[in-house]
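1. Just the structure for this:
(2 chains)
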Amino acid sequence: MPLTLPRIVITGVGLTAPNGNNLTEFRNNLLTGVAGIEPVEVRYMGKLIAGLCHFDPLKYQKKKELRVGTRAGSISIYCAREAVADSGVAWDSFDKNRVGVYIGCTEHGNVETENEIYALSQYNYDTKYWSHYHNPRSVANNPAGETTLNLGITGPAYTLGAACAAGNLGIIHAAQMLRLGEVDLAICGGVSESPGTFGIFAAFKSQGALASHENPHKASRPFDKARNGIVISEGGCLYTLERLDDALARGAKIYGEIAGYHVNSDATDYVLPYPPRQSECIRKAIAHAGMTPRDIHIVNTHATSTPMGDVQECEAVRTIFGPDCTDTYVNNTKSFIGHCMGAAGALELAGNLPSFTDRIVHPTINVDELDPKCELAGLVINQPKAVAKVDTILNNSFGMLGINSTLIVKRFAA
Amino acid sequence: MTQDECKKLVLDIIADIAPDEDLSNVKPDVRLRDQLQLDSMDFLDIVMELRKRHGIEVPESEYMKLASLDSSAEYLVPKFAALGK
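-> Presented below is the predicted three-dimensional model:
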């Protein structure tokens, strides 16, 4: 007899993006073409550009927490507190032992280690000047751990390292843990503090994959002929996920339902994506959701504005969504906010969730001249598009070492 | 360096380590941990800042000398003097 797994729904959203610190602001900016990239001074590299967030960290943290903790921790706490507040869950009486925290991140520890080594260089590398906070700051679970400290959560809390697929992985893993009955409320998604590390900028630059443009807001330009690389951004998006029965019992508002997902690996290259495995991932997610490609209304692409990567994802998408997919639209969020690394999948999903109710597909912007190799039926460029219905969102996030993830969320219907 | 100057120096360090605390009524003869929210990591911060800002070394066996402002000044003033301060 096949196993019937509980339905999982999204009941709260907390986010910070380079162009918005809550879902309303974020969504408005996605519909009005407002990007959020700015000049930054990067250690050893001078003036570059990045997407930085401007939420108030003292909204939920004391000054001491900011001093002792990390930026990723700060972003996680902000998003978690906002999501819990948004969910309307009776937090004070909720059994904190039954709350799980599952946060995706591409990397953690780079920022803290670089800063510590730089500080040490001021003391001639004498290690008695090395901070006793380095260990708790740099362990990979730091963002999740800081969240438990701030919210008083005593359930399981850890991060998922999945490169740029991590935001989707946080949500997928949370759904699995809820289905297994490990927790009753999951705070999940992804965060990024990546602009704090010069190493990421330097590595992308060495690869020839770091974007530049005289106008920072136009630097991230997936599918445009003149695109020249990635804009590195920080950000965070955490959701509250619950089993449907629990959400209905407390009268929760429901943003959407987890319909299906898939995660796989290219097994081909450290860096270069492999379209056949991306296609396989998308296909299997659609099958997992019990759907066909025609049933997908929004495909939010991963595309990071690299000359090669964008083309490869378009190849993968084109093989699946054929001419019969007349209700399928395609967009991209990185053109507004750059690449939010571990937060990307989670943030990019959030930007599309309101489409279930307003039936508008936000565009990908900065396409001054569409690269012919990136032509896709249903691609929404530069202006938002009002459509007849949006019942499903398919969210791609692909990462280094060939990890692929596809998450499908559907409009909730009882 | 006088005892009072030394106490002020220690309070300046604590102001950076515990920026949310109100330091205006700290009693010099009462243990700092009984008046302020300072844990063991914070005390390690005080030791680190004494090292970084003033070149003063406090061995682990003498950490208890920093328990209060009075005991800190009593302990640190000779150490400053030894550095010619």
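2. What helix or strand is the residue of chain B at minimum distance from chain A located in?
-> Using Cβ to the nearest Cβ, the closest approach of chain B to chain A is made by residue B:19 at 3.9 Å. In this view, the C-beta of every residue, glycine as well, is placed from N, C-alpha and C. Following DSSP states H and E, one finds residue B:19 outside all helices and strands.
3. which residues touch it?
-> A:63-64, A:67 (Cβ atoms under 8 Å, 6 or more residues apart in numbering or on different chains).
4. Likewise for residue A:154?
-> Shown in contact with residue A:154 (Cβ under 8 Å, 6+ apart): A:96-97, A:99, A:148.
5. try 6 Å this time
-> With contacts defined as Cβ atoms under 6 Å, 6 or more residues apart in numbering or on different chains, residue A:154 is in contact with A:96-97.
6. Model confidence for it, exactly?
-> Looking at residue A:154, its pLDDT stands at 98.
7. what's the answer for residue A:2, then?
-> At residue A:2, pLDDT is 61.
8. cool, and residue A:323?
-> 89.
9. gap between it and residue A:377?
-> Using Cβ to Cβ, to the nearest Å, residue A:323 is found at 7 Å from residue A:377.
10. Just the residues contacting the host helix or strand of residue A:24, thanks.
-> Secondary structure from DSSP H and E places residue A:24 in helix A:23-31. By Cβ under 6 Å, 6+ apart, the residues outside helix A:23-31 that reach it are A:13, A:17, A:19-20, A:350-351, A:354, A:362, A:384.
11. most neighbours, which of those residues?
-> The member of the contacts of helix A:23-31 surrounded by the most neighbours (other Cβ atoms under 10 Å in any protein chain shown) is residue A:17, with 32 neighbours in all.
12. pretty sure that residue contacts residue A:236?
-> No - look at residue A:17 against residue A:236 with Cβ atoms under 6 Å: they stay out of range, at 8.2 Å.
13. before we move on, the earlier item: in strands only, show me the contacts of residue B:19.
-> Among those, none falls in strands (DSSP state E).
14. Just say helix, strand or coil for the most centrally placed residue in chain B.
-> Closest to where the C-alpha atoms of chain B average out (Cα atoms, centre = their mean) is residue B:10, at 3.8 Å. Put simply, residue B:10 is helix when judged by DSSP: H, G, I helix; E, B strand; the rest coil.
15. Grab the nearest non-local neighbour of it.
-> Nearest residue to residue B:10, sequence neighbours excluded (Cβ to Cβ, 6 or more residues apart in numbering or on different chains): residue B:72, at 5.0 Å.
16. secondary structure class for that neighbour?
-> Of the three states, residue B:72 takes helix under three-state DSSP.
17. pLDDT score assigned to the closest residue to chain B within the stretch 301-414 of chain A?
-> Nearest residue of the stretch 301-414 of chain A to chain B: residue A:342, at 26.8 Å (Cβ to the nearest Cβ). As predicted, residue A:342 sits at a pLDDT of 97.
18. doesn't it fall inside a helix?
-> Yes - in this structure, residue A:342 lies within a helix as judged by three-state DSSP.
19. from the contacts of helix A:23-31, which is closest to residue A:214?
-> Taking Cβ to Cβ as the measure, residue A:214 sits nearest to residue A:19 out of those, at 19.5 Å.
20. quick one: contacts for that closest one?
-> Shown in contact with residue A:19 (Cβ under 6 Å, 6+ apart): A:29, A:34, A:36, A:336-337.
21. tally of neighbours for residue A:114?
-> 17.
22. give the contact list for the residue of the stretch 301-414 of chain A closest to chain B.
-> By Cβ under 6 Å, 6+ apart, residue A:342 lies in contact with A:104-106, A:166, A:190-192.
23. Equivalent analysis for residue A:347, please.
-> A:17, A:235, A:237, A:340.
24. thinking again about what came up before, quick check: helices, which of the contacts of helix A:23-31 are part of them?
-> Secondary structure defined by DSSP state H assigns A:350-351 of the contacts of helix A:23-31 to helices.
25. Tell me, how many residues neighbour residue 60?
-> You didn't say which chain, so I picked chain A. 19.
26. Hmm, no, I was thinking of chain B.
-> Number of residues near residue B:60 (other Cβ under 10 Å) recorded here: 8.
27. Just the pLDDT for it.
-> Residue-level confidence at residue B:60 comes out at 95, pLDDT.
28. Next, count neighbours for whichever residue of the stretch 101-250 of chain A sits closest to chain B.
-> Proximity of the stretch 101-250 of chain A to chain B (Cβ to the nearest Cβ) peaks at residue A:132, 4.8 Å away. By the measure other Cβ under 10 Å, the count of residues near residue A:132 is 12.
29. That one: what secondary structure?
-> Classification of residue A:132 by three-state DSSP places it in coil.
30. what phi and what psi does the backbone show at it?
-> Taking degrees, to the nearest 10, you get phi -70, psi -10 for the backbone angles of residue A:132.
31. show me the contacts for it.
-> Going by Cβ under 6 Å, 6+ apart, the list of residues near residue A:132 reads residue B:44.
32. Dump stretch A:47-62 to CSV, keeping only the CA atoms.
-> Output in CSV follows, covering the C-alpha atoms of stretch A:47-62 (Å, rounded to 0.1, in the frame of the first residue of the first chain):
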residue,chain,number,x,y,z
LYS,A,47,35.6,49.3,-5.8
LEU,A,48,33.3,46.6,-7.1
ILE,A,49,29.5,46.1,-7.0
ALA,A,50,27.3,43.9,-4.9
GLY,A,51,23.7,43.5,-3.6
LEU,A,52,23.6,44.5,0.0
CYS,A,53,20.6,44.4,2.4
HIS,A,54,19.5,47.3,4.6
PHE,A,55,17.2,45.7,7.1
ASP,A,56,17.6,47.0,10.7
PRO,A,57,19.5,44.3,12.6
LEU,A,58,18.6,45.9,15.9
LYS,A,59,14.9,45.3,15.3
TYR,A,60,15.4,41.8,16.8
GLN,A,61,18.9,41.7,18.1
LYS,A,62,20.8,43.5,20.9
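33. Measure how far that stretch is from the centre of its chain, please.
-> 16 Å (Cα atoms, centre = their mean, to the nearest Å).
34. So it, near chain B or not?
-> Yes - under the criterion of Cβ under 6 Å from any Cβ of the partner chain, chain B is reached by stretch A:47-62 at residue A:62.
35. Mind listing what's buried along that stretch?
-> Under the neighbour-count criterion of 16 or more other Cβ atoms under 10 Å in any protein chain shown, stretch A:47-62 has A:48-53, A:55, A:57, A:60-62 buried.
36. Mind checking which of the contacts of residue A:347 are buried?
-> Here, 16+ other Cβ under 10 Å leaves A:17, A:235, A:237, A:340 buried among the contacts of residue A:347.
37. ok so, going back, from residue A:79, how far off is the residue of the stretch 301-414 of chain A closest to chain B?
-> Separation of residue A:342 from residue A:79 (Cβ to Cβ) stands at 12 Å.
38. Over to residue A:172?
-> Distance from residue A:172 to residue A:79, by Cβ to Cβ: 18 Å.
39. In terms of neighbours, single out the busier of the two.
-> residue A:79 (32 against 27).
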